[in-house]
Every structure is written in C-alpha cells, then in structure tokens.
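In: Could you work out the structure for the sequence below:
(4 chains)
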There are 2 protein chains.
Amino acid sequence: MITIKDVAKRAQVSPGTISNVLTGKRRVSELTRSRVLSAVEELGYHPNILARSLINRRSETIAVVATGLEYFGPSQTVVGIEQESHDLGYFLMLSLLYQPDSPVEMALSALLGRRVDGIIWAVPEVSDNRKWITPERLEHLPPMVFLSMAPRPGLTVVAADNRGGATQAVRHLADTGRRTIGVITGPLHWWEARERCDAWVETMRQIGLPTDDSLQVEGNWSAASGEQGLRRLLTLRPDIDAVFACNDQMALGALRAAHAAGRRVPEDLAVVGYDNIPEAAYFQPPLTTVYQGMIEVGRAAVRKLHTMIEAEHDGYAVAGPLNTLLSPELMIRESSR
Amino acid sequence: MITIKDVAKRAQVSPGTISNVLTGKRRVSELTRSRVLSAVEELGYHPNILARSLINRRSETIAVVATGLEYFGPSQTVVGIEQESHDLGYFLMLSLLYQPDSPVEMALSALLGRRVDGIIWAVPEVSDNRKWITPERLEHLPPMVFLSMAPRPGLTVVAADNRGGATQAVRHLADTGRRTIGVITGPLHWWEARERCDAWVETMRQIGLPTDDSLQVEGNWSAASGEQGLRRLLTLRPDIDAVFACNDQMALGALRAAHAAGRRVPEDLAVVGYDNIPEAAYFQPPLTTVYQGMIEVGRAAVRKLHTMIEAEHDGYAVAGPLNTLLSPELMIRESSR
DNA sequence: GTGAAAGCGCTAACAC
DNA sequence: GTGTTAGCGCTTTCAC
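Out: Sure thing, here's the model as predicted:
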C-alpha cells in the first residue's frame, strides 16, 4: 500500500508538504504543487482516511440504523439518507435491526467504536423501543437524529406528517360523499399507525361522522391483514361505503376482499391507501393513496445531523427548530372517485 | 473521549495489558482481567477501531456498491449482505449509484481511501458498465465480488440463475397447455433481462413452440411498460394465450391490459411474472412468479468475499469455485392455472 | 514556502 | 504475566 512517504520521496518533498497540497489548508508553490500531484497520480495514491480521522477526531462517517428495508418507505428513506450524505461528503455506515424493537446496545457500541460523527435512527417508534434514550445517555453519544417518532424534548426528530396525511385521506373520502368510513390501521403499538388512526378519529368527529369500534380494525401492514380486515368490516358494518387502509399493502388486500364480496370499487366502496408504492397506480382499480416523500425525509435528516455535527465541532449550540415535519400529498386515483 | 490510557490508569496496569484483555490474544491473569473489565465498564470505554485498523491493516469493513434500492430485488440483496456482514463481524459501508451505468471512479476511490477490506458490487451488469474492470486494475484493488453479471474469467460472481428461473416459467406455461407464449422482456442491455429472454427463446424452441418477433416486446421493468407491452402483443398476435413478463411490475401492467382488453386471466391468457414481490400474491388474480432468493444471494456474496479476504491476508490462493449460481423457485398461483 | 518532529489511539515486539 | 517502546499513516505545530 502506497503511503504519504512514498509520494514524498517520489516528489522530493516532505510528507507535510504532500498533506498541505492534498488538504489545501496551506499555500504551496505552484511548482511543488504540480510535482506532488503528478507523483500522486503516478503512484495511484489514496490518502488513508483512517489515519487522518485519528488526528482530526472526525471519521467523516455517519451511520444509519434502520429496519424493514424490504418495505418501500424505509428503503426510500435510506436512499435519501445516502444521497444527502454523499452530497455533504460523508461516508455512510449501514446497520440493520431485525425488528424495530430489537435491542440497540450492540449496534450502538459498534458504531461508537467506529467513532461515527453522527447517527440517524431510521427505526420507527414501536412500543417502548425508545426507552433506552435518557438524558444522561445522550451526553456521551454523538449527535443523533430520529425518524418517525413522537417529538420529545431534547431529541431531534424528522418525520412525515402522519396526521396530516391521514386527515387529507379522510377528508377526501367525506368530500366525495362517503358517510360510513372504516379504517384498517397498522399495529397500534407503532407510533405512525397510531397517528394515522388518531387522525381518522379526529377528522371524522370534526365532520360529524361516526367512529364506532365497528368501523375500526387493526392490521399488521400486510396485504393478508388488509384482506381479512375488510372482510371483518363488511361483516360488522354492511353499510360501509369507504375504507381508509393505513398502507398500500393493506389497501391491496382490501381491494381483493371487496372484489370477493362483490362490492364494486369505487361505486359501492371507496378505498384509500398510504405510501404510494409504485405499484399502487396499477392496482385494480388504481389506488388513491398518500405520498409521503420519504426520500426528502431522509435528506432532511442528514442535513439536520450535519448542522449538529458542525455545531458540536465548533463548540456552539444548534440553531433552528428541533423537529421537522414534512407534508405528504394525496394522490387521487380511481379507487375513490 | 476515553482512551486506552485512561483505562490503564484507572485499572493501574499498562495500556498493553488493556489491549491484551480486550483482544484476547494473550493470556492475562484473572485478577487483572477483572480489574480491567470493570474499569472499561465504569468509564464507558469503546476502543477506537480506527486506530486499531491502522495497525492491523484491516478496517473490518466491507463496502457494498448498489443501485435501485427502491426495488425489491436490490433491497433484498442489501439486507442479505448486511445480515451476513454482521454475522461475520464486518461493518458495512453503503455506496449508491444513481444508475447502474454511473461512473464508478469517485465511489471506488473513496472506498480505497477508507481501506475497506473488500467490495461487493451489487450493481446489475448493464451495457458496458463493467468495462472499467481490467486485470491490471484488479491488481491494485481489494477483494471484490460481483453480483448479477455474466461470469468472467478472473472475477468472482454470485448471481441467481436467471436462465433457470425463466426456463421454469416457460415450461410451466407449456405444461399447462399454452401454445402461443409471448414475452415482455426487461431492457435488453441489462444482462439479467437478456438471460431471461434467451431462456424463453431456447425453451420455446426445445418444446417446439414459435418464437416469432411478434411474440416478443421489450419493456423497461415498469408496470407502465408491461401494460403497453401486452397491449402491443395483443394487437400483433390476437391468438396469444400466455405471456411471460420478466418482472412482477410488468406482469402487473400486463394484468391491467388484459383486463382492459376483456381477456380473462388465466382462462384466456396465462400470466407469469418474476421476482415474487410481496404484493404479487394479492394481484387480481394472484400472480404466478419466480422467487429468486436475493437475500441468500447477498449472504453468499459476503461469505465468498470473506474467504477471499482471509486468503489474501494469510497469503494463499482462494479455494473453491469462482462463481456461485443460486436456483430460483417457481411460485404457482391463479394467474396461470 | 518547506522540513523536522511530535503525536492521534492503538497493537506488537521485546524485555524482564 | 506484565511493562516499555516503537510505529501504523497521517496532520500540525514550530523552526528556518
């Protein structure tokens, strides 16, 4: 492996000068500069970032701890995080948890050993999987940004506005004349699922529509649970004329159950989903759904983290709001017209 | 930040002893051992892996260069890679390309600076996006494993068997009595798309079925192109009684086009897809498709890379086959019954 | 503008 | 078994 000394020898200058040329932190004469650059080129030299980090106390690396990468939302989020990290000059370390509520200790300790400059927790809040975060704990940890969780004092949170998205969905159904609007929720120990469900309740009340228990079933994000969910709703409330499924997979299952029960969508039953997976526009019928813009959530998280890292490094407090909430957009298609 | 010296002072031993305890490479007496461990615990010490790497000449990190993470196959692959990396004790560096044919120089050079122990190229082979790989180039690069590309002397390749999967799909259609079997291919400058298409041609010929140009249209993996593709096939060949769409999104588009044209699936037209995305089982009707097992492809790639890294480190040549081909499995559902 | 030397946090010889 | 020391590859004073 080529080191800075090899290059120094070749260019007939000292290692310090090589460093000055490459980091650009100090002036170097044009002559030596070009000599150094061509030596670098000829030898195929790549400065060892690890050695540099040791001195700078910055690894130029951020970590993302994520889960459920096989789903659309999470993978979009990671894409956004990678893009922005790249743009800001960070390397990205990827660490996956099997479940949102897997213990974090091992992953965290590995990342600390790696001296990552910051961490993005792209793990949804589920049950009490955030209880490890205490003020004392935070003291000894690098800057962190949390995604998809309830705002909490002392934490920086970036999320899509689940309430806002769900509200748009329900309002749209009411606006198109639906009166008996059911909901198939995600697992209610997930924060995002609860937010969407709460927004359904609240919006229905505001409009003056019923929110009986018989209009509400809990799914587990899977198409199977959506199918089962709508079947159940149809039994409990044969008069139902619309259903808000809290993700597109469950909406897909609901579409199937509606078909099987002989209910035409949208004539007899309107269906709205959540997420806007690419396939949604090709469901039978094309699905009305909520586009969350998770790529932008990921990007925003990295930008936020970057300002925190810079602030810590320069020793001043971070300015600006601690929480960022991105507005989703309703995509209206056949399933609710 | 706590360093090894802080721990040494606290435990009243030398830094070397701390290292011996933590790396376990040399015997340490039970007494000092426990003293050290509790000092580590009390101070919350995390050894600086970067400093360690500097000496060991091993970063304990591998990189994955990927693209298209928003699609099911690629994200599954990355999940598999992460799992196996974790199991083998590697950190995972994630680097995404915007397109499979984006230039690799920048990404590569960044990874070299990082001294990653190996690289997995989870980027599908497209056009000539592999032409940068030359024997001389490989000399100066760390061990690498390539995914989803044609085997090539000197390279280690891990892939799912695209020909095998496509052959199963076509045979299945023929076995169920279909005679005029069309194909909607992926973009033919993709290696995987070409493999599946070639297998269609070959299998059809073996069975003695026609492979006219009119039975073949090229899509771009999207549902829209699948819809358009089937529309075109139906115009060219009204007698068509089956179609093999080379991924599930295009199959979904085809399903829609069939519906619009009044062709019943599977009675009038059988449809088979590829990938087995989770939604496929809930299409109308449920889609017959090919399960590739990309998680296992990712895992196999990391295991392979690991043996190469170990071999290089210990200075002997790698044993075992250079290429690994994993067998996919046909999932038969309503769309082809 | 450039060189010499110290040191980032750790491990590995080498002593004892 | 444990301490001492050199040095991994780089940046950064401090001289000149």
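
In: beta partners of the nearest residue to residue A:215 once chain neighbours are set aside?
Out: With sequence-adjacent residues excluded and distances taken as C-beta to C-beta, 6 or more residues apart in numbering or on different chains, residue A:215 is closest to residue A:182, at 4.5 Å. From N, CA and C alone the C-beta is placed, and that goes for glycine too. Note on residue A:182: beta-bridge partners by DSSP bridges are residue A:243.

In: what sits against residue A:182?
Out: Contact analysis of residue A:182 by C-beta atoms under 8 Å, 6 or more residues apart in numbering or on different chains lists A:215-217, A:230, A:233, A:237, A:240, A:242-244.

In: Turn these into TSV, columns for pLDDT.
Out: Below are the contacts of residue A:182 laid out as TSV (pLDDT from 0 to 100):
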residue	pLDDT
A:215	98
A:216	98
A:217	98
A:230	98
A:233	98
A:237	97
A:240	98
A:242	98
A:243	98
A:244	98
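
In: And the buried ones among the residues you listed, selectable in PyMOL?
Out: The PyMOL selection below is limited to those of these classed as buried (16 or more other C-beta atoms under 10 Å in any protein chain shown):
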select buried, chain A and resi 215+216+217+230+233+237+240+242+243+244
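
In: Just the CA trace of the one helix or strand in chain A whose mean pLDDT sits lowest, in CSV.
Out: In chain A, no helix or strand scores lower on mean pLDDT, DSSP states H and E than helix A:135-139, which sits at a mean of 90. Extracted C-alpha coordinates of helix A:135-139, given in CSV (Å, rounded to 0.1, in the frame of the first residue of the first chain):
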residue,chain,number,x,y,z
PRO,A,135,-30.6,12.5,29.0
GLU,A,136,-27.5,11.1,30.8
ARG,A,137,-27.1,8.6,27.9
LEU,A,138,-27.3,11.3,25.3
GLU,A,139,-24.5,13.2,27.0
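
In: does any part of that helix sit near chain B?
Out: No - judged by C-beta under 8 Å from any C-beta of the partner chain, helix A:135-139 makes no contact with chain B; its nearest approach is 10.0 Å.

In: Against which helices or strands is that helix packed?
Out: Of the remaining helices and strands, none touches helix A:135-139 by 3 or more C-beta pairs under 8 Å, 6 or more residues apart in numbering or on different chains; DSSP states H and E.

In: Please pull up the helix or strand immediately following it.
Out: Later in the chain than helix A:135-139, the nearest helix or strand by DSSP states H and E is strand A:144-147.

In: Name the residues that touch that next one?
Out: A:77, A:118-125, A:130, A:138, A:155-159, A:297-298, A:301-302, A:304-305, A:308.

In: Which ones among the residues you listed map onto helices?
Out: Using DSSP state H, the members of these that fall within helices are A:77, A:138, A:297-298, A:301-302, A:304-305, A:308.

In: Touching, residue A:304 and residue A:158? I think so.
Out: Yes - contact criterion C-beta atoms under 8 Å: residue A:304 and residue A:158 qualify, at 6.1 Å.

In: the helices in the stretch 101-250 of chain A, which residues?
Out: A:105-113, A:135-139, A:162-175, A:191-207, A:223-236, A:248-260 (DSSP state H, counting those that start in this stretch).

In: Distance from the chain centre to stretch A:250-258, please.
Out: 26 Å (C-alpha atoms, centre = their mean, to the nearest Å).

In: Then stretch A:29-46?
Out: The answer for stretch A:29-46 is 42 Å, by C-alpha atoms, centre = their mean.

In: mind saving the C-alpha coords of it as PDB?
Out: Output of stretch A:29-46 as PDB, limited to C-alpha atoms (Å, rounded to 0.1, in the frame of the first residue of the first chain):
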ATOM      1  CA  SER A  29       4.100  27.000  -4.600                       C
ATOM      2  CA  GLU A  30       2.700  26.100  -8.000                       C
ATOM      3  CA  LEU A  31       5.800  24.200  -8.900                       C
ATOM      4  CA  THR A  32       5.900  21.800  -6.000                       C
ATOM      5  CA  ARG A  33       2.100  21.500  -6.100                       C
ATOM      6  CA  SER A  34       2.200  20.100  -9.600                       C
ATOM      7  CA  ARG A  35       5.200  17.800  -8.800                       C
ATOM      8  CA  VAL A  36       3.200  16.400  -5.900                       C
ATOM      9  CA  LEU A  37       0.000  16.000  -7.900                       C
ATOM     10  CA  SER A  38       1.800  14.000 -10.600                       C
ATOM     11  CA  ALA A  39       3.500  11.800  -8.000                       C
ATOM     12  CA  VAL A  40       0.100  11.100  -6.500                       C
ATOM     13  CA  GLU A  41      -1.200  10.300  -9.900                       C
ATOM     14  CA  GLU A  42       1.700   8.100 -10.900                       C
ATOM     15  CA  LEU A  43       1.700   6.000  -7.800                       C
ATOM     16  CA  GLY A  44      -2.100   5.800  -7.500                       C
ATOM     17  CA  TYR A  45      -2.000   7.200  -4.000                       C
ATOM     18  CA  HIS A  46      -5.200   7.200  -1.900                       C
END
